[in-house]
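Asks: Sequence and predicted structure, then a few things I'm wondering about:
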Amino acid sequence: MTSSPPAWIRLARSSASGGSDSLSPVCLALRHSLAAGVKPAFPPSLVVQVKALACELPHRLGLPLSRLSIEEIRQHVIAQGLVAEISGATLWRWLSSDALRPWQHRSWIFPRDPNFAAKAGPVLDLYHRVWEGAPLGVDDFVISADEKTSIQARRRKQPTLPPAPNRPTRVEHEYFRGGAWAYLAAWDVHRAKVFGRCEYKTGIAPVDRLVSEVMSQEPYKSARRVFWIMDNCSAHRGQKAADRFRVQWPNVIHTPTHASWLNQVEIYFSIVQRKVLTPNDFSSLADLEQRLRYERTASPFKWTFTRSDLHVLLAKINAKRLAPAA
């Protein structure tokens, strides 16, 4: 949202000392209202300006900050002479109406592969049990695989205390390092079966051991086709990795794509991170491995994102990329 100062707002001019030598009519009227004990009423155009301010990056406002808080927005509004005084609660109410939270941020990455849609589309089709326009058979399986590197086993210097009334679990901040695992996992997308193994490091050999563990047992061993969805990590990237897998397991179809957010095993990893690894408190590497191997009855993830959704998203991202900088 953008808005130029309306005609009735005359911004304060700053003196050399940093003080203001004039106030806008709004400021003067507001001060008279405050002195008279009248609850101020702010014009809609001021609300627009505040919301536009919240949508700006701080460096564009001349502020040496990375994010804006309610208090910082309040101070900037006053310093610009838009109002003489305003409460944080009022600003909060205005921003909440449009779900604006400038004090939060989210990481983002633009797709760099010009063939991203062509590579990601088959993966989305497989999640809906379709390959090259035809439904998968009962003897076709889809495996999503990846690795979670450097999972440390931290032994706390004092025992962790369980929760108690009016007190959460307490975890000692200091710890002893007990080593680290690389955790490799393969997730059967439609059967909700997970295969995991701990390795001291990642690489071609550990990946081959994971694939071998899965492909050496039924129903994958005698399946017509087993589709392996992986990212572009060097241990399982490109045609060389595909050829290596097919030499040992002719029914493997390797479908890598540079998009971790399309890889369902990342959802499983996020669950492991929240429910197993946080807080990180393990007596040893063996203890960490045992907990990572814990399995329980699960159900397939409800995946609704389709090729059509992907095309809509990429069009939106491309529009943002091509939009001129404000």
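Replies: Structure received. Numbers count the residues shown, from 1 in each chain.

Asks: Could you pick out the longest helix of the protein?
Replies: In the chain, ranked by residue count with DSSP state H as the criterion, the top helix is helix 307-322.

Asks: Could you check that helix and say which residues are buried?
Replies: In terms of neighbour count (16 or more other Cβ atoms under 10 Å), helix 307-322 has its buried residues at 307, 310. Using the backbone N, CA and C atoms, a C-beta is placed for each residue, glycine as well.

Asks: same for that helix, what does it pack against?
Replies: Other elements packing on helix 307-322 under the criterion 3 or more Cβ pairs under 8 Å, 6 or more residues apart in numbering; DSSP states H and E are helix 116-127.

Asks: avg pLDDT for the helix it packs on?
Replies: Per-residue confidence for helix 116-127 averages out to 92 on the pLDDT scale.

Asks: I figured residue 172 hits residue 154, correct?
Replies: No. Distance between residue 172 and residue 154: 9.7 Å, which falls outside the contact criterion (Cβ atoms under 8 Å).

Asks: and the two? which has more neighbours close in?
Replies: In terms of neighbours (other Cβ atoms under 10 Å), residue 154 is the more surrounded of residue 172 and residue 154; the figures are 20 against 15.

Asks: so what's the more buried one closest to, chain neighbours aside?
Replies: Distances taken as Cβ to Cβ, 6 or more residues apart in numbering put residue 175 closest to residue 154, at 4.0 Å, once the chain neighbours are dropped.

Asks: Can you check my assumption that residue 183 lies in a strand?
Replies: Yes. Under DSSP: H, G, I helix; E, B strand; the rest coil, residue 183 falls within a strand.

Asks: picking up where we left off before, give me the distance between the longest helix of the chain and the centre of its chain.
Replies: Averaged C-alpha coordinates place helix 307-322 at 18 Å from its chain's average position (Cα atoms, centre = their mean, to the nearest Å).

Asks: likewise stretch 218-227?
Replies: Taking mean C-alpha positions (Cα atoms, centre = their mean), stretch 218-227 and its chain are 33 Å apart.

Asks: quick one: contacts of that stretch?
Replies: Among residues not part of stretch 218-227, those counted as contacts by Cβ atoms under 8 Å, 6 or more residues apart in numbering are 126, 131, 136-137, 139-143, 214-215, 249, 251-253, 255.

Asks: do stretch 119-138 as well
Replies: Counting contacts by Cβ under 8 Å, 6+ apart, the residues outside stretch 119-138 that touch it are 113, 140, 142, 189-190, 224-225, 227, 229, 255, 257-259, 262-264, 303, 305-307, 310.

Asks: hmm, which of those residues are the buried ones?
Replies: A residue is treated as buried here by neighbour count (16+ other Cβ under 10 Å); on that basis the buried members of these are 140, 142, 189-190, 225, 227, 229, 255, 257-259, 262-264, 307, 310.

Asks: Of those residues, just say which sits nearest to residue 199.
Replies: Nearest to residue 199, judged by Cβ to Cβ, of the buried ones among the contacts of stretch 119-138 is residue 263 at 18.9 Å.

Asks: In contact with the closest one, which residues are there?
Replies: Listed by Cβ under 8 Å, 6+ apart, the contact partners of residue 263 are 123, 144, 146, 229-231, 257.

Asks: mind listing the strands in the stretch 51-200 of the chain by residue range?
Replies: Assigned by DSSP state E, counting those that start in this stretch, the stretch 51-200 of the chain shows strands spanning 130-131, 134-135, 140-156, 175-188, 193-199.

Asks: just to revisit the earlier point, using PyMOL, make a named selection holding only the buried ones among the contacts of stretch 218-227.
Replies: Applying 16+ other Cβ under 10 Å to the contacts of stretch 218-227, the buried members can be selected in PyMOL as follows:
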select buried, resi 126+131+136+140+141+142+143+214+215+249+251+252+253+255
